[in-house]
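# Compute the structure for the input listed below.
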Amino acid sequence: MNKDQVKGKAKEIGGKIQEEAGKLVGSTQQQVKGLNKQSEGKLEKTMGDAREAAEDMMKNRGNRQ
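Presented below is the predicted three-dimensional model:
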């Protein structure tokens with residue numbers, strides 16, 4: 001697991017908390033901010049997943065030669 005995956009997941013969780021808090025207090029603005037943060041987190045995690053897959057591929061490629 002790399003830092004992008006960890007940061008992305010943390011941002012995703014923080015966004016979910018912010019969205020739910022917005023629902024509790026009736027703030028559409030906070031809900032939207034939470035949803036945006038979740039989207040950013042998912043994107044960051046996906047980038048981390050891709051980076052990890054590329055690193056794994058390069059390691060495996062090196063082992064075959």
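# could you pull out the strands for the chain?
Counting by DSSP state E, the chain forms no strands at all.
# Per-residue confidence at residue 57, what does it come out as?
With respect to pLDDT, residue 57 scores 92.
# Please apply the same query to the one 5 residues further on.
If you check residue 62, the pLDDT there is 73.
# got it, and residue 48?
With respect to pLDDT, residue 48 scores 96.
# roughly how far apart are it and residue 55?
10 Å (CB to CB, to the nearest Å). Just so you know, the C-beta spots here come from the backbone N, C-alpha and C atoms, and that holds for glycine as well.
# Same drill for these two, tell me which one is more crowded.
residue 48 (19 against 11; other CB atoms under 10 Å).
# Run a quick neighbour tally on the closest residue to that one other than its chain neighbours.
Closest residue to residue 48 apart from its sequence neighbours, by CB to CB, 6 or more residues apart in numbering: residue 4 at 3.0 Å. Residue 4 is flanked by 18 other residues according to other CB under 10 Å.
# pretty sure residue 4 is touching residue 43, no?
No: using CB atoms under 8 Å, residue 4 is not in contact with residue 43; the gap is 9.7 Å.
# Tell me how many other residues crowd residue 53.
10.
# Likewise for residue 41?
20.
# my guess is it meets residue 6, correct?
No: Residue 41 lies out of contact with residue 6 (CB under 8 Å); the separation is 10.5 Å.
# rewinding a little: tell me who's in contact with the residue nearest to residue 48.
44-45, 47-48, 51 (CB atoms under 8 Å, 6 or more residues apart in numbering).
# and which of the residues you listed is nearest residue 62?
Residue 62 has its nearest neighbour among these in residue 51, at 16.8 Å by CB to CB.
# which phi and psi does residue 2 have?
Main-chain torsions, residue 2, degrees, to the nearest 10: phi -110, psi 170.
# gap between residue 55 and residue 5?
12 Å.
# Also residue 37?
Separation of residue 37 from residue 5 (CB to CB) stands at 16 Å.
# got the buried residues for stretch 4-11?
Judged by neighbour count (16 or more other CB atoms under 10 Å), stretch 4-11 contains these buried residues: 4-5, 7-9, 11.
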